[in-house]
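[1] need coordinates for the following:
(one chain, ligands or ions: 1)
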Amino acid sequence: METWYLLILISLSISILLKTILNLLFPSEPKPTRKLPPGPIILPIIGRILWLRKSFAEIELILRNLNDKYGSIVTLHIGRRPAIFIRNRSLAHQALIQNGAVYADRPPALAANKIFSSNQHNISSAVYGSTWRLLRRNLTSEILHPSRVKSYSSARKWILEILIKCLQPSHSKVSLRVKDHFQYAMFCLLALMCFGDKLEEKQIKEIEAVQRRLLLGFGRFNILNFFPRLTKILLPKRWEELLQLRKDQEGVLVPLIHARKTKLSEVVKADSNDEFVVSYVDTLFEMYLPDEKRKLDEGEIVSLCSEFLNAGTDTTSTALEWIMANIVKYPRIQERLVKEIKGVVGDGEEEDEVKEEDLQKMSYLKAVVLEGLRRHPPAHFVLPHAVTEDVVLDGYLVPKNGSVNFLVAEMGWDPKVWEDPMAFNPERFLRDYGNGNGGEAFDLTGSREIKMMPFGVGRRICPGSALAMLHLEYFVANLVWKFQWTADDGDEVDLSEKQEFTMVMKHPLQARISPRLNR
Ligand code: HEM
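    Now for the predicted structure:
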């Protein structure tokens, strides 16, 4: 009997010793001590697929309803990773401003997105690191620097003339749908900044068509990201469609890239830089990625140009349409704008254009644009963020393997900050900020406190925000100065929303536009 006891004791000691050695050699992941933020319980695989099929607008609506139950930080299990959603301004500030470096990462690109971002070699999807820094610095210092932005002023004037021509034929009794004209105008402008030359209308329309198919159709490809190896077998047609879309995109962008490269080398050979304005694509040809010891390849240049066009066109034209819709809906806002412009540019017949240098003197114009971005932010979510390491926020775990999403629209509609938040009331910006009485200008960067964040905040804040503000102020001012905008007789301007790439007007703006005679 004693021998048995001894044997059992020896084997127990050996197994404890082995376990200790194994633990030392192969330490297992420590179990997280914190829990993920709360959220609805879902069926393991089916539930995740079902979430994947929902649009951001549907998710936003669900989150609004979940707020009472779970609070302002919620986890949804979308696809294979937990997605954390934050709607509270002070939590967003803690994350994106106070702990900015940790929250500046992006989640790994999903299979379908990898194709269009050249494996995360563009600014918006690059991981937080040296390549992102290089690409972003190139855009901000080479193209978005104030002196370079100024060099495109004749391009903006040219686009304004195109836009005015498109709107002019409208007889004041007939109302015109303006959305397509706004989109086309912004596209011409960004294409010119991207490729340097005035492109033919046919070329612009071709690029616009492919980019639009990409923006509007991308939701259809989300499902491919759930176990791509399986979806390649189950949904081969959809994969083909996705790859064809990339081929079509290359088909329209690569010839423009080649043409510009040839032109650039001719300019260098001729040693003449008269009238030569640097374009975005010019800055990409010689860019060197030190970590990878190579230049950008053609696919990466296509992805960066496509990102530039997408980021700067739909967002701005959507914001422009929302602002003009409110101007049509509330004639008193239009009257006050005209009065302000008259006070700055004068009212002589020859004062036909509101010049860029005049815009700084127009605080009401700025207030109208800011109110437009607060009340109708084109993006209701910032792009998904990720954290560089597991962190704790509001007592919950924010895991490295998840995505972190911020509800932009909800923050700008917070009744704790904004009185009657759903009303369109530009005066609120005059009352509290930059009203010419020594008031401080409104801080869109949210560095002290986030009150609204239409461009995001922190390290990933939209690098094009100043350019977007300039475009919006310039076009709103000139469209109001040139034309009188009115609603169709007996027709209310309907401000319902619809999710496309951006949050657009469900019923696009129809307005009667007539030359402004009584300035
Ligand atoms: C009204 C117009 C615009 C709005 C509302 C807007 C909004 C945004 C938002 C919400 C983000 C995501 C921020 C985040 O993830 O935290 C973003 C990122 C970005 N935007 Fe804009 N944007 C506008 C115009 C532009 C323009 C004109 C350009 C450039 C020509 C531009 C280029 C970018 C880029 C490159 C990023 C990615 C930044 C990064 O990941 O580091 N945007 N924008």
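
[2] at which residues are the strands of the stretch 1-150 of the chain located?
    In the stretch 1-150 of the chain, strands defined by DSSP state E, counting those that start in this stretch lie at 73-78, 81-86, listed in chain order.

[3] may I have the first one exported as PDB, CA atoms only?
    The reference is to strand 73-78. Output in PDB follows, covering the C-alpha atoms of strand 73-78 (Å, rounded to 0.1, in the frame of the first residue of the first chain):
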ATOM      1  CA  ILE A  73     -19.400  52.700 -24.900                       C
ATOM      2  CA  VAL A  74     -20.700  49.500 -26.500                       C
ATOM      3  CA  THR A  75     -19.200  46.400 -28.100                       C
ATOM      4  CA  LEU A  76     -20.700  44.800 -31.200                       C
ATOM      5  CA  HIS A  77     -19.400  41.600 -32.700                       C
ATOM      6  CA  ILE A  78     -19.200  42.500 -36.300                       C
END
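
[4] tell me the angle that strand makes with strand 81-86.
    For strand 73-78 against strand 81-86, the angle by axes from the mean of the first three to the mean of the last three CA atoms, to 10 degrees is 150 degrees.

[5] quick check: buried residues in strand 73-78?
    Using 16 or more other CB atoms under 10 Å as the test for burial, strand 73-78 gives 73-78. Just so you know, the C-beta spots here come from the backbone N, C-alpha and C atoms, and that holds for glycine as well.

[6] near the ligand, which residues of the stretch 201-350 of the chain show up?
    The stretch 201-350 of the chain comes close to the ligand at residues 308, 311-312, 315-316, 319, as judged by CB under 6 Å from any ligand atom.

[7] returning to what we had before: P331: which of the buried residues of strand 73-78 is nearest?
    Proximity of those to P331 (CB to CB) peaks at V74, which lies at 41.2 Å.

[8] wait, what's in contact with S447?
    Applying CB atoms under 8 Å, 6 or more residues apart in numbering to S447 gives the contacts 97, 457.

[9] SS state for it?
    coil (DSSP: H, G, I helix; E, B strand; the rest coil).

[10] what pLDDT does it get?
    pLDDT recorded at S447 is 95.

[11] distance check, it against W132.
    21 Å (CB to CB, to the nearest Å).

[12] in a helix, F218, correct?
    Yes. Per three-state DSSP, F218 lies within a helix segment.

[13] just give the closest residue to the closest residue to the ligand within the stretch 401-519 of the chain, not the sequence neighbours.
    Here the stretch 401-519 of the chain gets closest to the ligand at one residue, G464, 2.2 Å apart by CB to the nearest ligand atom. Setting aside the residues directly before and after it, G464 is nearest to G312 in space (CB to CB, 6 or more residues apart in numbering), at 5.5 Å.

[14] mind listing what that neighbour touches?
    Here G312 is in contact with 186, 190, 193, 464, 467-468 (criterion: CB under 8 Å, 6+ apart).

[15] mind telling me what element it is part of?
    Assigned by DSSP states H and E, G312 belongs to helix 298-329.
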